[in-house]
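# Got a sequence here, can you model it:
(chains A, B, C and D)
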Number of protein chains: 2
Amino acid sequence: MANLDADAAATVAATLQALATPSRLLILTQLRQGPRAVTELAEAVGMEQSAVSHQLRLLRNLGLVTGTRQGRSIVYSLYDTHVAQLLDEAVYHVEHLRLGLVDRPDRAG
Amino acid sequence: MANLDADAAATVAATLQALATPSRLLILTQLRQGPRAVTELAEAVGMEQSAVSHQLRLLRNLGLVTGTRQGRSIVYSLYDTHVAQLLDEAVYHVEHLRLGLVDRPDRAG
DNA sequence: GGAATAGATGAAGACATGTTCATCTGTTCT
DNA sequence: AGAACAGATGAACATGTCTTCATCTATTCC
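As a prediction, the model looks like this:
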């Protein structure tokens, strides 16, 4: 079970922040479907090339994606299956949480 | 597999942001171990009562925790098993990602 | 070599976020 | 009712984050 000290919490938080923004989630779910070049990604998710590049750098630094040059393109992929699973499970649980969210009373007000 | 449109991405991102901060992760992992009153939480994670309260409100609004009054205390718990599992899986995957992060070359520079 | 394509990057600005401080509500106990 | 305890809340401030803009590097093709 999850039991964190302050350091571990900081580490986990830093990585989860990668999944905490719509733009990065869209990028990651594209990559979940297969390798993609930067321009492809930009078009697929409706962002500018520069914005995508910035987010990819962040994801790279966190070790979630890798890019390899192929001709003039750089093709990105998810780093490993942990990333894919984390993504899948996060989406799954959040969507199931949403089902229970309709009009839940706020018992603490 | 995870396949999101822009709306779903925003929803998922909003919820995952709850797990993207050390303070909230610490609060949630405390609750993962069992129900806790606000003051207990504050002491356990080393935050001020007010800060904890603010974060609990956020978590409440996202439907991740609930609080019920018990005497003068308000005792918080995780909302359901989805929250617990999401937390466990997130920590698990992130920690396993970290193992592979030592000196990984940045193929895209 | 020069033009065109594909990405990366730094700076800047707008916006969001997290904490603290002071204060307010609600509960218990005498 | 009054004091003490437990939380919630709004304002304010500092910090972080995301996007855009302009520009830079690297690769391909003529």
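# which of the residues in the helix or strand containing A:His82 are buried?
Under the criterion of DSSP states H and E, A:His82 resides in helix A:81-99. Applying a neighbour-count criterion of 16 or more other Cβ atoms under 10 Å in any protein chain shown, one finds A:82-95, A:97-98 buried in helix A:81-99. No exception for glycine: its C-beta is placed from N, CA and C like everyone else's.
# now swap in stretch A:31-48 and tell me
Buried-residue list, stretch A:31-48, by 16+ other Cβ under 10 Å: A:31-32, A:35-38, A:41-42, A:45, A:47.
# Pick the one among the residues you listed closest to A:Gly67.
The nearest member of these to A:Gly67, counting by Cβ to Cβ, is A:Val38 at 8.0 Å.
# Find the nearest non-adjacent residue to the most centrally placed residue in chain A, please.
Nearest to the mean C-alpha position of chain A, counting by Cα atoms, centre = their mean, stands A:Leu19 at 3.7 Å. Counting by Cβ to Cβ, 6 or more residues apart in numbering or on different chains, A:Leu19 lies nearest to B:Leu16, which is 4.8 Å off, once chain neighbours are set aside.
# what's near enough to touch A:Ile74?
Neighbour list for A:Ile74: A:37-38, A:67-68, B:108 [criterion: Cβ atoms under 8 Å, 6 or more residues apart in numbering or on different chains].
# Point out the residues in chain A that sit beside DNA strand D.
A:17, A:20-24, A:47-48, A:50-51, A:54-55, A:58, A:69, A:71-72, A:108-109 (Cβ under 7 Å from any atom of the strand).
# Now a ChimeraX select for only the buried ones of those.
A single ChimeraX command selects the buried members of those (16+ other Cβ under 10 Å):
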select /A:17,20,21,22,23,24,47,55,108
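# Which ones among the residues of chain A next to DNA strand D map onto helices?
Among the residues of chain A next to DNA strand D, the ones falling in helices (DSSP state H) are A:22-24, A:50-51, A:54-55, A:58.
# ok, of these, which one's closest to A:Asp5?
A:Leu58 (24.9 Å).
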